[in-house]
Structure formats: C-alpha cells, structure tokens
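Participant: no sequence on this one, just coordinates:
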C-alpha cells in the first residue's frame, strides 16, 4: 500500500514540475506591456493683473456765497441804570422767632424751634426693705398644678425674684429656688399678678422683691 502511494506522489510531483517549466515554452500569447512610470507636469502660477489705483478727482470749487451789505445802526444812547431799591430789614426780636435779615428774595425768615426734651433715663429698681415696704397685691392668679408633677406626687415651694414697675405690674421674673416640675407654673401665675405702686418721697419707684409660691397636695 505504501509503495503504491509513493509512486502516485512521485508522478504528481513530476507532472507539476513539467507544467511549471515546460508550459511557458509552448505559450504563444504576447506578453503584457510594462507599466509606464508616472510623470508630474509642472504647474505654472497664474499671473494676476495689477489693480489700477483710483485717480484723485479734482475738488469742485464751491460756489462763492453771495454776500449782502450790513448797515450798522447808529449809536444808541446809554440809559441810566434804574435806581436799585434795597429790601427792608427786619429787626431782631427774641419773642417773634425771626432771624435778623432781609425779607423777600434776599433772605428767608425761619422759626426758632425749641429742641425736644431729653428722654429720662429709666429708674433703677430699689430692693424692698427698711423704708421701702412691700406693696400690696391687688390682683391674684392662682398657679395651675402641673399634671406631671401631680402624677408624680411632687410638692414644694418656688421662690421667685420679681421686678415691679412704678404702676405695680410685674416686669421681670427669675427663679431663685424651686423644682423643675413646678417652676414654669409659678412663673406663669406670678407674671399676671398686680400690686399697688410703691412711693418713695412722694414719687413712684420700681422695686425688687421675692415672691413665694407653694404647691401642696391635699389629702
């Protein structure tokens, strides 16, 4: 089997070699002409014609304007200046409220306005004690027991520092001693209280005093 395959392979190779080398000898067709090399033609630039410059045109002479003779008027007589009348002056008057000076176009009269009175500085509150007696309470608002403090069975006393103005109204409050669950209720109640005005040498004055609010649970 191998001998047969080798013989066929040798025959095929011989046939291919013969075809490659012997076939061109029997060819009778003309060979193709070789390709011509590419040639580039020189490009000549286009000559641009010169641009003519515009000629300056002569300026047209303007027409001569027609002149007219002017007759000057004769000299006019110089008028005498009118007599200047001075505006009357107003004498200075302390009670009339006018400034010394002319009236009319040469001066304007101004009213003397007195300056407004300076605002009085607020009086400092005086602490109660000695000759300053505590005022009498005329309006009382009972404090509301806080529900949380009531549920927790909290009771006690809240001491406040209150500033009372000249009319007896509470203007400022601060807690000196108390309980967190009772302080707000005491502040809201005392802020609505009203007292009698406090007199010092016949003049109403603001004061500072302590106010005590007690919260107690009834059995």
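Facilitator: Cool, the structure landed. Treat the numbers as computed from the prediction; the structure is a model and nothing was measured.
Participant: Is residue 7 in a helix, a strand, or coil?
Facilitator: Three-state call for residue 7 (DSSP: H, G, I helix; E, B strand; the rest coil): helix.
Participant: Correction: the previous question concerned residue 113.
Facilitator: coil.
Participant: what pLDDT does it get?
Facilitator: What the model reports as pLDDT for residue 113 is 70.
Participant: And for residue 143?
Facilitator: Looking at residue 143, its pLDDT reads 95.
Participant: what's near enough to touch it?
Facilitator: By C-beta atoms under 8 Å, 6 or more residues apart in numbering, the residues touching residue 143 are 185-186, 188-190, 213, 215. Where C-beta positions appear, they are placed from N, C-alpha and C, glycine not excepted.
Participant: cutoff 7 Å now
Facilitator: Residues near residue 143 by C-beta atoms under 7 Å, 6 or more residues apart in numbering: 185-186, 189, 213.
Participant: Low-confidence ranges, the chain, go.
Facilitator: 1-2, 22-24, 26-49, 52, 54-112, 118-121, 219 (pLDDT under 70).
Participant: now with 80?
Facilitator: Scanning the chain for pLDDT under 80 picks out the ranges 1-4, 17-123, 218-219.
Participant: Quick check: neighbours of the strand or helix carrying residue 174 in the sheet, parallel or antiparallel?
Facilitator: Using DSSP states H and E, residue 174 falls within strand 170-177. As defined by DSSP bridges, the strand partners of strand 170-177 come to strand 156-164 (antiparallel).
Participant: Output the contacts of residue 143 as a markdown table; include the columns distance to residue 206, secondary structure and neighbour count.
Facilitator: Shown next, in a markdown table, are these (distance: C-beta to C-beta, whole Å; DSSP: H, G, I helix; E, B strand; the rest coil; neighbours: other C-beta atoms under 10 Å):
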| residue | distance to residue 206 | secondary structure | neighbour count |
| --- | --- | --- | --- |
| 185 | 25 | helix | 19 |
| 186 | 21 | helix | 25 |
| 189 | 21 | helix | 18 |
| 213 | 21 | strand | 19 |
